[in-house]
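J.: pasting the sequence and the predicted coordinates here, then a few questions.
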2 protein chains.
Amino acid sequence: MQNNMLIAQSGGPTMVINQSLAGAVLAARNAKAIGTIYGAKHGIQGILQRDFVNLSKVSQAEIKAIAQTPSSALGSVRRKPTPEDCKAIFEVLAEQNIGYFFYIGGNDSAETVHIIHEAARAAGSSLRCFHIPKTIDNDLRENDHTPGFGSAARFVACAFIGDDLDSRALGGVKVNIVMGRHAGFLSAASALARKTPGDGPHLIYLPERPFSLDQLTNDVKSICKKHGRCVIAVSEGIADAKGEPIAARFSKEVDSHGNKQLSGTGSLGDFLASEIKARTGISRVRADTFGYLQRSFPGIASKVDMQEAYQVGEAAVQAAVKGLASGSIAIRRNKGNTYGVTYKPVPLRNVARETRHMPASFINKAGNDVTAAFMRYVTPLVGPLPKTAHLY
Amino acid sequence: MQNNMLIAQSGGPTMVINQSLAGAVLAARNAKAIGTIYGAKHGIQGILQRDFVNLSKVSQAEIKAIAQTPSSALGSVRRKPTPEDCKAIFEVLAEQNIGYFFYIGGNDSAETVHIIHEAARAAGSSLRCFHIPKTIDNDLRENDHTPGFGSAARFVACAFIGDDLDSRALGGVKVNIVMGRHAGFLSAASALARKTPGDGPHLIYLPERPFSLDQLTNDVKSICKKHGRCVIAVSEGIADAKGEPIAARFSKEVDSHGNKQLSGTGSLGDFLASEIKARTGISRVRADTFGYLQRSFPGIASKVDMQEAYQVGEAAVQAAVKGLASGSIAIRRNKGNTYGVTYKPVPLRNVARETRHMPASFINKAGNDVTAAFMRYVTPLVGPLPKTAHLY
C-alpha cells in the first residue's frame, strides 16, 4: 500500500534550498512506497491551511528549473508549532494519507519535526518524519557543513574581493556586516577574498569571541598604519562579554523562536562606522550590510553546494523509504585528502534547538581573524572564485 | 617626435573602468606619436606627487587581466584641483614630456580635465586633454549611456531577482536602496528583475520626482492589498519637494565637489522601513542598502558594457592621436532596431559639472515606476539575466 508524501520549506531561504526540494521529489518519484507528492506552501502554515501544491504533476524539467532558482519555491515561514498546531497538523496528514513528512530548514525546523514526530509516536502513528538541513549560518550540529552555506560563502567571498578592490582605490576604513546570528562561519568565509599580501579583509570579528570597541579601535589603527586602509568583516551576531548581541541594542522585533531581528537593517554597520570615525579620527569610514543578497543572489551558487543540497534531499527520502522512522540527514566529510562527503541519518534531537559554533581551532588568538585550518575547511565548499589582478 | 602619455582614474570605481584603461593603453601602444605610457596613482593626487606606474612595461596579458578586474587599478581620488594644483600639474607634465593626458571619470572628472585644458591653452601648451566617461549613475550629458552603468544595472537586476524570490517566501515589505545621487537610472534598472506577473520590484522611486512619505504609504498599502507583499526600489538620491535629498538628513560629510555622502550607510533604508512600519502597521518590514557591491562585485559584469568601456578608451586615444586638442568621448546609440553604438568626441564643457536625468518618457505618471520606453532603452545594456522558475 502506498502512502502520500508531504514536503515543506522553513526558515530563511538559501540559494540551494530548492535543490533539496528537487532531490527529495525526484527520489520520491522512484520510490514505489510513495504515492502522491504534495508540497505545503509556507511550511507548517500551509499544512494547517491545507494549502498544497501537487508536486507529482510538475514535470521533471520544471523541477530542475526550480532547483536552479534561489529562495524557497514553496514559500517559507518562521513559526514554531503549538501543541494545538500539532494536533491540527495530524488531522490534515491523516486526512491526506500522508505517510512521509519532510521539512527543509535549520535547527528550529528540526525542532518542529521532532515535536511532530514525538506527537506522532504518542498517537501510535507510523508517520515518518525527516528534517533536511539547510542554513547559510552553517550552525547545525552533527554536520561538517550545511547546504546553503557554500553558496552564501561564495557570495561573501566575491563581495569582499570587489569591495577590497574598491577600498584599494579610495582608501579609508570599510566595515561590512555579514549574516550569522550565533556562528561566525559566513563572516569567516570573507577570508577567501585574500589573494595577494595586503588584500582585505584585514580584520574579521565573529560571534564566538566577545566583541569590544576598544579592541576594534586598536586593531583598525594598527592595520591602517601598516596598509593605509582597512577592510573589516563583522558578523551581525557579534556580542559583548555578557553575550548580548551588539545589534540587539538597535532592534525591537522578536520572532516566535525568541530570536531578535538582526538582519534587514543597517544600524549595526552605521554604529560601528561612527564609533571608528570618532575613536580613530579617520575621515572616510563606510559601512555596508550585505543583507538578504547573501542568501538569494542568483547565478553564483557554489557547484559543490548545489550538488550536496540535491543529494541530501535524495538521502532523506531514501532513508525514510528504507524504513527509518525519523531523523535528520547530516553531512559528514570523508577522511583523506580528496574532498567528498557522506550523508548520515542522525536523531532529530541531536540537530534541534542548539546551534554549532566555530571551533576554537578556526579562530586566531587575538579573536580578529581565522586560521589556516579554517581555510582548509572552507575552500572546497565554495569552489573557484573570479580572478583579479593588480597593477601595483 | 614622440610625446609621452599619462592616464589616470577618478571618482567612484566601476566594474569596467579598467576596461577603459586597457583600451586606452593598448591603443596607445599602436600609436607611433606616443612614447612612454604612464599611469598616475589615485588621479590628480598621483600626478601632484609624481606617483606613476610605467604602463609601457606591463605585458599585454597583464593588461587584459586588469581589464577583467573591477575597481580602479590605478587607484582613484575625489579631489577637485585648485589653481595651485593646476600649476603644479603642468610642471609635472612638462617635466615628464607628457603630450597626451587621459582622465577616466564622471562629470566632476570632466570638469577637472576642462580646467587643466583651459590652463594649458592659456599657457600656450599643446597638451591634448581627454576625458573618458565612466559612471554607474549613467548621468553624463551627451551620452546615451555611460560605461559602468550596464554592469551595475546587471548587479541591481540580479539582486532584485533574488530578493523578490526571498520576499515571495517570507512576505512583508522590503525596501532596497540603490545608488544614484541625481539620476534614477540604476534604481530604474531594478525593473529588469520582473519576469512574470506579480514579480517585484512593485514600486520604484527616483530622484527625478519629489518623494513623499504619504505617497509611499498609500502605494505600499495598495500593492500589499493586491500581492500580499511589496518589494521597493528606492534611489539613494530621492529628494523632497524642495529638492533636499532625504538621505542628507542623516549625513554630515561633504566632499570637495560639494556632494554630501549618501552611500556607505544604511540610514535611509532604516528610516523608510521604520516609517512604513509605523504608517501601515505591517509587522515585517526590512531594508537593505546594496552599497558598494553595485559597482565592484566581480564576475557578473555586462558583456556589452565591458566591450564599450574598452572601446571608449581606445576611441579617446585615437581622437587625440588624430590631432583633436581636447574632448570627452560620448557614446551614441545607433538608429535602427539592431543595438549598436558610435563613439563621438564632444567638447569637455558639454559633459562637465551638470548631470543628466531620466527623461520624463522613462517615468510613469504616478512617479513610482518606469515605462516600456525605459525597458527598451535599458535591456540591451545589461544582457541576459539568470533564469528562474516558480512553482505557483
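T.: Everything's here; your move. Residues are numbered from 1 along each chain as shown, chains lettered A, B, ... in the order given.
J.: host element of the residue nearest in space to the middle of chain A?
T.: Centroid check for chain A by CA atoms, centre = their mean gives A:I136 as the closest residue, at 1.6 Å. Per DSSP states H and E, A:I136 falls between elements, in no helix or strand.
J.: so who does A:L213 touch?
T.: Contact partners of A:L213, counting by CB atoms under 8 Å, 6 or more residues apart in numbering or on different chains, are A:E275, A:R279. Bear in mind the C-beta positions are built from the backbone N, C-alpha and C, glycine included.
J.: quick revisit: the residue nearest to the centre of chain A: what's it in contact with?
T.: Applying CB under 8 Å, 6+ apart, the residues near A:I136 are A:G12, A:T14, A:G148, A:F149, A:S151, A:A152, A:M179, A:L186, A:Q294, A:R295.
J.: of these, which belong to helices?
T.: Secondary structure from DSSP state H places A:F149, A:S151, A:A152, A:L186, A:Q294, A:R295 of the contacts of A:I136 in helices.
J.: isn't the fourth one right up against A:Q294?
T.: Translated: A:L186. Yes. Contact status for A:L186 versus A:Q294: in contact at 7.1 Å, counting by CB atoms under 8 Å.
J.: so what sits against both of the two?
T.: Counting by CB under 8 Å, 6+ apart, the common neighbours of A:L186 and A:Q294 are A:I136, A:A152, A:V156, A:V178, A:M179.
J.: from the stretch 201-350 of chain A, which residue is nearest to chain B?
T.: At 1.4 Å from chain B, A:G266 is the closest residue in the stretch 201-350 of chain A, using CB to the nearest CB.
J.: within reach of chain B, which of the contacts of A:I136 are there?
T.: A:G12, A:R295 (CB under 8 Å from any CB of the partner chain).
J.: any chance of the contacts of A:I136 in JSON lines, plus neighbour count and pLDDT?
T.: Output for the contacts of A:I136, formatted as JSON lines (neighbours: other CB atoms under 10 Å in any protein chain shown; pLDDT from 0 to 100):
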{"residue": "A:G12", "neighbour count": "28", "pLDDT": "95"}
{"residue": "A:T14", "neighbour count": "33", "pLDDT": "98"}
{"residue": "A:G148", "neighbour count": "33", "pLDDT": "98"}
{"residue": "A:F149", "neighbour count": "32", "pLDDT": "98"}
{"residue": "A:S151", "neighbour count": "31", "pLDDT": "98"}
{"residue": "A:A152", "neighbour count": "33", "pLDDT": "98"}
{"residue": "A:M179", "neighbour count": "24", "pLDDT": "96"}
{"residue": "A:L186", "neighbour count": "30", "pLDDT": "98"}
{"residue": "A:Q294", "neighbour count": "26", "pLDDT": "98"}
{"residue": "A:R295", "neighbour count": "29", "pLDDT": "98"}
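J.: need the contacts of A:I136 in a markdown table (columns: distance to B:F362).
T.: Formatted as a markdown table, the contacts of A:I136 follow (distance: CB to CB, whole Å):
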| residue | distance to B:F362 |
| --- | --- |
| A:G12 | 35 |
| A:T14 | 35 |
| A:G148 | 38 |
| A:F149 | 40 |
| A:S151 | 35 |
| A:A152 | 35 |
| A:M179 | 35 |
| A:L186 | 38 |
| A:Q294 | 31 |
| A:R295 | 32 |
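J.: not counting its neighbours along the chain, what's nearest A:E142?
T.: A:A330 (4.1 Å; CB to CB, 6 or more residues apart in numbering or on different chains).
J.: does that neighbour belong to a helix, a strand or coil?
T.: Assigned by DSSP: H, G, I helix; E, B strand; the rest coil, the conformation of A:A330 is strand.
J.: against which helices or strands is the lowest-mean-pLDDT helix or strand in chain A packed?
T.: One helix or strand of chain A scores below all others by mean pLDDT, DSSP states H and E: helix A:83-95, with a mean of 88. Secondary-structure packing of helix A:83-95 (3 or more CB pairs under 8 Å, 6 or more residues apart in numbering or on different chains; DSSP states H and E): helix A:44-48, helix A:107-122.
J.: got the end-to-end distance for stretch A:177-187?
T.: Using CA to CA, to the nearest Å, the end-to-end distance of stretch A:177-187 comes to 8 Å.
J.: so which helix or strand takes in A:A373?
T.: helix A:372-382.
J.: now that helix: buried residues?
T.: By neighbour count on 16 or more other CB atoms under 10 Å in any protein chain shown, the buried set for helix A:372-382 is A:F374, A:Y377, A:V378, A:T379, A:P380, A:L381, A:V382.
J.: now the helices for the stretch 151-300 of chain A?
T.: Using DSSP state H, counting those that start in this stretch, the helices of the stretch 151-300 of chain A run over A:185-188, A:213-227, A:267-280, A:293-296.
J.: closest to B:V321 out of those?
T.: Of all the helices of the stretch 151-300 of chain A, helix A:213-227 sits nearest to B:V321, with 38.6 Å by CB to CB.
J.: starting at the chain centroid, how far to that closest one?
T.: How far helix A:213-227 lies from its chain's middle: 30 Å, per CA atoms, centre = their mean, to the nearest Å.
J.: likewise for stretch A:17-25?
T.: The chain centre lies 16 Å from the centre of stretch A:17-25; the measure is CA atoms, centre = their mean.
J.: which residues touch A:K32?
T.: A:Q2.
J.: close to chain B: what parts of the stretch 251-392 of chain A are there?
T.: Checking the stretch 251-392 of chain A against chain B by CB under 8 Å from any CB, the hits are A:253, A:263-267, A:269-270, A:273, A:283, A:286-293, A:295-300, A:385-392.
J.: and if you look at the stretch 51-200 of chain A?
T.: By CB under 8 Å from any CB, the part of the stretch 51-200 of chain A that sits against chain B consists of A:53, A:55, A:58, A:62, A:65-66, A:68-78, A:158-159, A:161-163, A:165-166, A:168-170, A:174.
J.: can you say which of the residues you listed are buried?
T.: By 16+ other CB under 10 Å, these give A:53, A:55, A:58, A:65-66, A:68-78, A:158-159, A:161-163, A:165-166, A:168-170, A:174 as buried.
J.: A:H357 sits in which helix or strand?
T.: Using DSSP H and E, A:H357 sits in no helix or strand.
J.: what's the burial count for it?
T.: A:H357 is flanked by 17 other residues according to other CB atoms under 10 Å in any protein chain shown.
J.: so it makes contact with A:H182?
T.: Yes. With contact defined as CB under 8 Å, A:H357 and A:H182 form a contacting pair (6.6 Å).
J.: overlap in contacts of the two?
T.: Listed as contacting both A:H357 and A:H182 by CB under 8 Å, 6+ apart are A:D139, A:P207.
J.: tell me if stretch A:230-239 is near chain B.
T.: No. Using CB under 8 Å from any CB, stretch A:230-239 never reaches chain B; the gap is at least 10.6 Å.
J.: so for that stretch, what gets flagged as buried?
T.: Across stretch A:230-239, burial judged by 16+ other CB under 10 Å covers A:C230, A:V231, A:I232, A:A233, A:V234, A:S235, A:E236, A:G237, A:I238, A:A239.
J.: excluding chain neighbours, what is closest to the last one?
T.: Distances taken as CB to CB, 6+ apart place A:P245 nearest to A:A239, at 4.8 Å, with adjacent residues excluded.
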